[in-house]
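Participant: Turn this into a model:
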Amino acid sequence: MAAYNRILLCYDGSREGRKALRCGANLALDLKAETHVLAVVDIISNVAQSGGIMADVTCSAIETTTREILEEGVQWLTSRGVSATGHLAHGRPIEEIPRLAEKLNADLIVVGHQTRGTLARWWAGGSESAMLLDRVSCSLLVSVGADSEQS
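Facilitator: Model prediction:
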């Protein structure tokens, strides 16, 4: 098995994200790995979804919410005995995850994935987790499905 000494957990506050965080926490504890958490302020996608019309107040609210999500993830890990460093990035997750993984020299990236039907996947132009595989030079763990744990 590969040595995973530095793990990057990608967290967005979703149920799938919580499951990925839990999986990553368990690995980090078992492997005594250095742990990092990434939350991405994705204003680009939000602007596109709004037809290009977004107020500065809305952009600020998105950043504030993402900061709170990051803090929540780091606090959750800390409460379970995982020492983690939080990172906030601005951009598209598909670009920011590989960028930080390379900068940190991460051995493993853990992301959550929401299962979608074939039609939804077709409309969306493919799976971002599949595209992520082509952009990283380390292992990628994709946690599929929602978290059943409520904490």
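
Participant: For the rest of this, base every contact and every neighbour count on C-alpha atoms.
Facilitator: OK.

Participant: Enumerate every residue touching residue 85.
Facilitator: The contact partners of residue 85, taken as C-alpha atoms under 8 Å, 6 or more residues apart in numbering, are 35, 36, 37, 74.

Participant: now the helices: where do they sit in this protein?
Facilitator: For the chain, helices defined by DSSP state H occupy the ranges 15-31, 43-49, 56-79, 93-104, 118-124, 128-133.

Participant: out of these, nearest to residue 7?
Facilitator: Residue 7 lies closest to helix 15-31 among those, at 7.1 Å (C-alpha to C-alpha).

Participant: Run through who's touching that closest one.
Facilitator: Applying C-alpha under 8 Å, 6+ apart, the set of residues contacting helix 15-31 is 4-5, 7, 9-11, 33-35, 73, 77, 80-82, 110-114, 142-149.

Participant: Give me the buried stretch members for that helix, please.
Facilitator: By neighbour count on 16 or more other C-alpha atoms under 10 Å, the buried set for helix 15-31 is 15-28.

Participant: mind showing which ranges of this protein have poor pLDDT?
Facilitator: The chain contains residues with pLDDT under 70 at 1-2, 43-58, 115-130, 145-151.

Participant: Without its sequence neighbours, what residue ends up closest to residue 41?
Facilitator: Excluding the flanking residues, the one nearest residue 41 by C-alpha to C-alpha, 6 or more residues apart in numbering is residue 90, at 4.7 Å.
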